[in-house]
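Undergrad: Here's a sequence, model it:
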Amino acid sequence: MSEWLIKSLDEVVEYFIDYRGKTPNKVGLGVPLITAKIVKNGRLLPATEFILQEDYDDWMSRGYPEINDVILTTEAPLGEVALLKNKNVALAQRIITLRGYKNKLNNIFLKYWLQSDFGQYELDSRASGTTVFGIKASVLKKIPIPVPPLPEQKAIASVLSSLDNKIDLLHRQNKTLESMAETLFRQWFVEEAQDDWNEVRLGQLFSICSGKGLKRDEFIELGMYPVLGANGEIGRCNKSLYSERLIYTGRVGTLGNIFIIHENEKVWLSDNTLIFKDIKYFYFVYFQLKMINFDEYNVGSTQPLIRQSDIKEIYIDFPNDLVLLDLFERDVDIIFTKINKNIQKIQTLENLRDTLLPKLMSGEVRVKYTPEEIKQ
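TA: Coordinates of the predicted model:
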């Protein structure tokens, strides 16, 4: 790393756009608002809040974002990071946008460095607060960052972003495949439903139970098995609760997300989940569950809650022709087999990226390049 310099962020970052301390007027539709809660695992999730177009210029008085700006959450949570792919967005509080000097710092390199253990350590070690753990802008600007020659920064960024691009492509393929399966379900069992079909209770098609809680010391950062909750993975542990094909959803807190666990996939399901097992016509049940508006069955007072008994008593139209169901299960199983193969590829690529990231950011692994090969 003899060629790598150590600089403070304010020496290599030209713009720190900070909207902390401001709260916009939010609406249901308009300019997407980038909030801390949609910056997750190196990516931006779809926006769930918006501001009016006519309010945009007044709100963005501290600076406008650009494509490939680095989005960093500064508190609750601290240290989530992503790249901006659309500049026509508004920035909320608890967000700082960083843009490097073009001749000093590649934004994509900066994003991956902040995402690495080294960047996370620098953020965490300088954070402060009692009720809310965060970092001040003045402190953030003085964080030291290794700065390789710009062509090497771009070469490193190219290696890591190519892996993430492949991962994103596989995620998009899986969304398309599931959309195809859902379209088939809606055509056969909603649009072409027959008047003489029987009404049956959902509870006749599966058994249902709740997941189980774990003690705090049973969560292990590098555990073998994922711990799954109402929003997906919430941690890892070294024991599994299930290794069979099943469906689960949130029981308390977040309602309405429906997930599949594939056969031989070992997981632990937390006590805020409902688990559907022994399912007759697996994919038919899966898409039936996705059609339910779970808010209609919310019986919680302080937080959303659904009961097993209420889900079991929901009535659906059930085909008289079981051949139709068998054909649907066969066709959709082919689609989900492709989805599962893509998931395995995603896990392989993520493991490779996560292995390379600290090695590239420390200079342990160097990327061979010629300046002519790296686009300026």
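Undergrad: what residues are up against the residue nearest to residue 222 when sequence neighbours are not counted?
TA: Spatial nearest neighbour of residue 222, chain neighbours left out: residue 236 (6.8 Å); criterion: CB to CB, 6 or more residues apart in numbering. The C-beta positions use only the backbone N, C-alpha and C, and glycine is treated the same way. By CB atoms under 8 Å, 6 or more residues apart in numbering, residue 236 lies in contact with 219, 220, 221, 222, 223, 224, 225, 226, 227.
Undergrad: Kindly provide the distance from residue 236 to residue 270.
TA: Applying CB to CB, to the nearest Å, the value for residue 236 to residue 270 is 12 Å.
Undergrad: and for those two, which residues touch both?
TA: Between them, residue 236 and residue 270 share the contacting residues residue 227, judged by CB under 8 Å, 6+ apart.
Undergrad: what residue ranges in the stretch 51-200 of the chain score low on pLDDT?
TA: Within the stretch 51-200 of the chain, no range satisfies pLDDT under 70.
Undergrad: Where do the strands of it begin and end?
TA: 70-74, 78-83, 90-91, 95-100, 144-147, 198-201 (DSSP state E, counting those that start in this stretch).
Undergrad: Make TSV out of these and add mean neighbour count and distance to residue 323.
TA: Shown next, in TSV, are the strands of the stretch 51-200 of the chain (neighbours: other CB atoms under 10 Å; distance: least, CB to CB, whole Å):
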stretch	mean neighbour count	distance to residue 323
strand 70-74	24	51
strand 78-83	21	47
strand 90-91	26	53
strand 95-100	22	54
strand 144-147	18	63
strand 198-201	11	16
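Undergrad: which one of the ones you listed lies closest to residue 301?
TA: Evaluated with CB to CB, these place strand 198-201 nearest to residue 301, the distance being 26.6 Å.
Undergrad: Give the partner strands of that closest one in its sheet and their orientations.
TA: Taking DSSP bridges as the criterion, strand 198-201 sits next to strand 315-318 (antiparallel) in its sheet.
Undergrad: ok, and what's touching the partner strand?
TA: Contacts to strand 315-318, defined as CB under 8 Å, 6+ apart, come from residues 189, 193, 197, 198, 199, 200, 201, 202, 288.
Undergrad: go again using 6 Å as the cut-off
TA: 193, 197, 198, 199, 200, 201, 288 (CB atoms under 6 Å, 6 or more residues apart in numbering).
Undergrad: next helix or strand past it?
TA: helix 322-362 (DSSP states H and E).
Undergrad: by contact count, what packs against that next one?
TA: If you count contacts as 3 or more CB pairs under 6 Å, 6 or more residues apart in numbering; DSSP states H and E, helix 322-362 packs onto helix 150-186, helix 282-291.
Undergrad: Point out the most buried one among those helices.
TA: Most buried of those, by mean neighbour count (mean count of other CB atoms under 10 Å): helix 282-291, with a mean of 19.
Undergrad: following it, which helix or strand shows up next?
TA: Using DSSP H and E, the next helix or strand after helix 282-291 towards the C-terminus is helix 308-312.
Undergrad: How far off centre is that next one?
TA: 29 Å (CA atoms, centre = their mean, to the nearest Å).
Undergrad: likewise stretch 165-175?
TA: Distance of stretch 165-175 from the chain centroid (CA atoms, centre = their mean) equals 13 Å.
Undergrad: picking that back up, what's across from the residue nearest to residue 222 in the sheet?
TA: residue 226.
Undergrad: count of residues packed around residue 36?
TA: Using other CB atoms under 10 Å, residue 36 has 19 other residues around it.
Undergrad: from what I can see it touches residue 72, true?
TA: No. Judged on CB atoms under 6 Å, residue 36 makes no contact with residue 72 at a distance of 9.6 Å.
Undergrad: just to revisit the earlier point, got the helices and strands packed on helix 322-362 as JSON lines, with distance to residue 13 columns?
TA: Shown next, in JSON lines, are the helices and strands packed on helix 322-362 (distance: least, CB to CB, whole Å):
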{"stretch": "helix 150-186", "distance to residue 13": "13"}
{"stretch": "helix 282-291", "distance to residue 13": "43"}
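Undergrad: Looking at the ones you listed, spot the one closest to residue 370.
TA: Nearest to residue 370, of the helices and strands packed on helix 322-362 and by CB to CB, is helix 150-186 at 8.0 Å.
Undergrad: which other helices and strands contact that closest one?
TA: Counting by 3+ CB pairs under 6 Å, 6+ apart, helix 150-186 packs on helix 107-115, helix 322-362.
Undergrad: Can you check what angle separates that helix from strand 95-100?
TA: 140 degrees (axes from the mean of the first three to the mean of the last three CA atoms, to 10 degrees).
Undergrad: next one: helix 150-186 to chain centre, how far?
TA: On CA atoms, centre = their mean, the centre of helix 150-186 falls 13 Å from that of its chain.
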